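[1] Based on what follows, work out the 3D shape:
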Amino acid sequence: MSRQHRWTCPSCGSTKLAPKRPRRDDTRRYCLHCSEKTGHLVARTCPVLETRRDSRRAARQVRAEARAERQQARAKTYPYLLEEVARSWYRLDAWDGVDLRGEVGLVIRRYKKRVWSTGHYRRSGGRIVVTAGLYRADAYYTVLHELAHAVHRERCPWDSAHGERYWALLFQAGVEVTGVRVTRGTALLRRGLAAAFEGLAGDEGRPIYKES
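    All right, here's what the predicted structure looks like:
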């Protein structure tokens, strides 16, 4: 037999013992005397269960508020400025007139332990997704890398995704946003831009980026 709880009529205060979740057609769920007097069903309540539910509801609220506070605290440190950084790069001279505002959707995710960042650009949906790692400079590079993909696909849809034209475009954008002329080349460009971003990052992890 399941554990019984005391259910109380809110009108007359009479009680009945019933399970935690009585069936909807269980007569113990209702006060028949008050129901007959009022002409409609008067449902009993279980104060103990209501108190427990209120406690759980309050605990969920506390957890939600704590989660929001943690997110706000993280928003002040790397890599949680990436949305702001990416949007400031929607219009660069290197893009040669291509304005990404309103053209691409930006989704920033975060790795909790992984160092390096990953990303991709989906032309069909016009969406850029970057999952930022713990190395902030590489995350900045990955954002610029995917933005360059969006511009390159707009300008040269027939060209290879990582062709010579793409790397030239990324090189120009990297020089523009960092002010540092890095070494060209597929392998060296990533390391050079990451090092440039690392040098421009402040003590709080706030990068210097182009104002839109």
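
[2] From here on, just use CA atoms for contacts and neighbour counts.
    Noted.

[3] What's the local residue count around F171?
    24 (other CA atoms under 10 Å).

[4] With the one 5 residues further on instead?
    Burial measure for E176: 16 neighbouring residues, criterion other CA under 10 Å.

[5] pretty sure it is touching W95, no?
    No: in this structure, E176 is not within contact of W95 by CA atoms under 8 Å, at 10.5 Å.

[6] helix or strand for the residue of the chain positioned farthest from its centre, which one?
    Here the chain reaches farthest from its C-alpha mean at K37, the gap being 54.2 Å by CA atoms, centre = their mean. Secondary structure assigned from DSSP states H and E places K37 in helix 32-38.

[7] Show me the helices in this structure, by range?
    For the chain, the helices defined by DSSP state H cover 32-38, 47-75, 82-88, 136-155, 164-178, 186-200.

[8] Break this protein down into its domains, please.
    5-75, 82-200 (automatic domain parsing).

[9] Return the most buried member of these.
    domain 82-200 (a mean of 18; mean count of other CA atoms under 10 Å).

[10] Leaving out sequence neighbours, find the closest residue to the most centrally placed residue in the chain.
    For the chain, the residue nearest the mean C-alpha position is R109 (5.9 Å; CA atoms, centre = their mean). Excluding its sequence neighbours, the residue lying closest to R109 (CA to CA, 6 or more residues apart in numbering) is T131, at 4.4 Å.

[11] give me the beta-bridge partners of that neighbour?
    R109, T118 (DSSP bridges).

[12] what pLDDT does it get?
    Predicted confidence (pLDDT) at T131: the value is 89.

[13] Next: L188.
    L188 is given a pLDDT of 57.

[14] next one: A196
    At A196, pLDDT is 63.

[15] Endpoint to endpoint, stretch 157-167 covers what distance?
    The first and final residues of stretch 157-167 sit 15 Å from each other (CA to CA, to the nearest Å).

[16] Numbering from 641 from now on, please.
    Yes, from this point I'll number from 641; that puts the last item at stretch 797-807.

[17] how far is it from where the chain is centred?
    30 Å (CA atoms, centre = their mean, to the nearest Å).

[18] My understanding was that L681 contacts T667; is that so?
    No: the criterion here is CA under 8 Å, and L681 misses it with T667 at 10.4 Å.

[19] which stretches of the protein have low pLDDT?
    641, 713-720, 820-852 (pLDDT under 70).

[20] let's see 90
    641-645, 650-654, 656, 658-669, 673, 675-681, 687, 707-757, 760-785, 787-852 (pLDDT under 90).

[21] how about the residue farthest from the centre of the chain, what does it touch?
    With contacts defined as CA atoms under 8 Å, 6 or more residues apart in numbering, K677 has no neighbours.

[22] and E743, what is it in contact with?
    Contacts of E743 by CA under 8 Å, 6+ apart are G766.

[23] any idea how far it is from R793?
    Counting by CA to CA, the gap from E743 to R793 is 12 Å.

[24] just to revisit the earlier point, let me have the helices of the chain in JSON lines, extended by distance to V755.
    Formatted as JSON lines, the helices of the chain follow (distance: least, CA to CA, whole Å):
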{"stretch": "helix 672-678", "distance to V755": "65"}
{"stretch": "helix 687-715", "distance to V755": "17"}
{"stretch": "helix 722-728", "distance to V755": "16"}
{"stretch": "helix 776-795", "distance to V755": "9"}
{"stretch": "helix 804-818", "distance to V755": "21"}
{"stretch": "helix 826-840", "distance to V755": "13"}
